[in-house]
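Chemist: Kindly return the folded structure for what I paste below:
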Amino acid sequence: METTTIESRSDFAQWAIERARAIVADQAGDLAVAARDGNDEEIARTANALGQAITEALIEVFDGLIPDE
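Modeler: Residues are numbered from 1 along each chain as shown. Here you go, the predicted structure:
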């Protein structure tokens, strides 16, 4: 895993954009297949997985910003 130093809101925004793009690129194929097949349940499942991956990435950074107790 690559370490990134976040010193400002701008740094965080840039990191978040890049990370979201990477996640979408990694998981977009599953969502595209589900959409092409027209299976609403599969579309919902893959869209939720995509959202969960992005959420987990943001929480990971947030956790890194909080000092250990």
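Chemist: so how many other residues sit close to the residue lying closest to residue 19 once chain neighbours are set aside?
Modeler: Leaving aside its chain neighbours, residue 19 sits nearest to residue 57 (5.0 Å; criterion: CB to CB, 6 or more residues apart in numbering). In this view, the C-beta of every residue, glycine as well, is placed from N, C-alpha and C. Applying other CB atoms under 10 Å, we find 16 residues neighbouring residue 57.
Chemist: Now do the SS call for residue 57.
Modeler: At residue 57 the chain is in helix, as set by DSSP: H, G, I helix; E, B strand; the rest coil.
Chemist: Enumerate every residue touching it.
Modeler: By CB atoms under 8 Å, 6 or more residues apart in numbering, the contact list for residue 57 reads 16, 19, 20, 23.
Chemist: quick one: which of these sit in strands?
Modeler: Secondary structure defined by DSSP state E assigns none of the contacts of residue 57 to strands.
Chemist: Which of those lies at the shortest distance from residue 43?
Modeler: Residue 43 lies nearest to residue 23 out of the contacts of residue 57, by CB to CB, at 17.3 Å.
Chemist: show me the contacts for the closest residue to the closest one other than its chain neighbours.
Modeler: Nearest in space to residue 23, with sequence neighbours left out and distances taken as CB to CB, 6+ apart, is residue 53 at 4.8 Å. When contacts are counted by CB under 8 Å, 6+ apart, residue 53 touches 23, 26, 27.
Chemist: And residue 65, by the same measure?
Modeler: Going by CB under 8 Å, 6+ apart, residue 65 touches residue 6.
Chemist: Let's see that with 10 Å instead.
Modeler: 6, 12 (CB atoms under 10 Å, 6 or more residues apart in numbering).
Chemist: Do a quick rundown of the helices in this structure.
Modeler: With DSSP state H as the criterion, the chain has helices at 9-37, 40-65.
Chemist: closest to residue 3 out of those?
Modeler: helix 40-65 (9.3 Å).
Chemist: The closest one to helix 9-37, inter-axis angle?
Modeler: 160 degrees (axes from the mean of the first three to the mean of the last three CA atoms, to 10 degrees).
Chemist: For helix 40-65, buried residues please.
Modeler: Buried residues in helix 40-65, counting neighbours by 16 or more other CB atoms under 10 Å, are found at 43, 46, 50, 53, 54, 57.
Chemist: Brilliant, that's me finished.
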